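Trainee: Mind looking at a prediction? Sequence and model below.
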Amino acid sequence: MNGLHDKDPQTGAAGPSLIARLTAGWPGRRRPDGAHDIAARTDPVPGDRRIGLPVAIAAISLVCVPAATLGLANLMTRTAERRTERLEIQAQPILAARRAMTDARVALRTGLRQPAPAALLDALAAALPEDARLVSVDAAGNGGVTMQVVTDDPDQLRRALRRVEAFHAVRDLSQRRVNAAMLVTVRARIG
């Protein structure tokens, strides 16, 4: 008898199946003759927990496993949020330094693309009309320049400044009479 297909040696009939052997002690089982075992169903042995325990474990598992999964997920979410907040606080000085470095690079790049001050003043001096005198030149941080020029003819000055290749978007800021001439304040973008 190998236990897999046990046969009765005298009759040659197959023995009880594996399922029948596994459920042999359960209340309400069928007997080999096919009838239900009523006694086993109506008279359980006191303290017999063979059925109750697996059902109880299954019921508890159905309730507890999803609840435990939800609780663990919430715990992991809160932990991740706290870590994210700590990392954001720690990263603020680094990000501020990186922004400052980027701003410095942009300012340096803008400054390197602009013509040198001496070359700019030479181009301006060559473009000014004969009667115009440069009073002041101020460089703005945004790549622009503000100039004050005294001249007899402001229109001729504006035309002359627009011909300077280094100046873009030349516009008047103010114009007022000083003695016999006009003091014109002009802003231009360099580039």
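Mentor: Yes, it's here.
Trainee: Pull the residues that contact the lengthiest strand in the chain.
Mentor: The single longest strand within the chain, with elements called by DSSP state E, is strand 167-178. With contacts defined as Cβ atoms under 8 Å, 6 or more residues apart in numbering, strand 167-178 is touched by 145-146, 150, 154, 158, 161-162, 182-191. Where C-beta positions appear, they are placed from N, C-alpha and C, glycine not excepted.
Trainee: do stretch 146-162 as well
Mentor: With Cβ under 8 Å, 6+ apart as the test, stretch 146-162 has contacts from 124, 127-129, 131-138, 140, 167, 170, 172-173, 175, 178, 180-188.
Trainee: so after the least confident helix or strand in the chain by mean pLDDT, what's the next helix or strand?
Mentor: The helix or strand of the chain with the poorest confidence is helix 38-42; it has a mean of 48 (mean pLDDT, DSSP states H and E). Next helix or strand after helix 38-42 toward the C-terminus (DSSP states H and E): helix 52-113.
Trainee: From the chain's centroid, how far away is that next one?
Mentor: Between the centre of helix 52-113 and the centre of its chain there are 11 Å (Cα atoms, centre = their mean, to the nearest Å).
Trainee: right, and the helix or strand after it?
Mentor: Using DSSP H and E, the helix or strand that directly follows helix 52-113 along the chain is helix 117-127.
Trainee: what ranges of this structure fall below the confidence cut-off?
Mentor: The model of the chain has pLDDT under 70 over residues 1-51, 114-115, 141, 191.
Trainee: Show me just the buried residues among the contacts of stretch 146-162.
Mentor: Buried members of those, counted by 16 or more other Cβ atoms under 10 Å: 124, 127-128, 132, 167, 170, 181-188.
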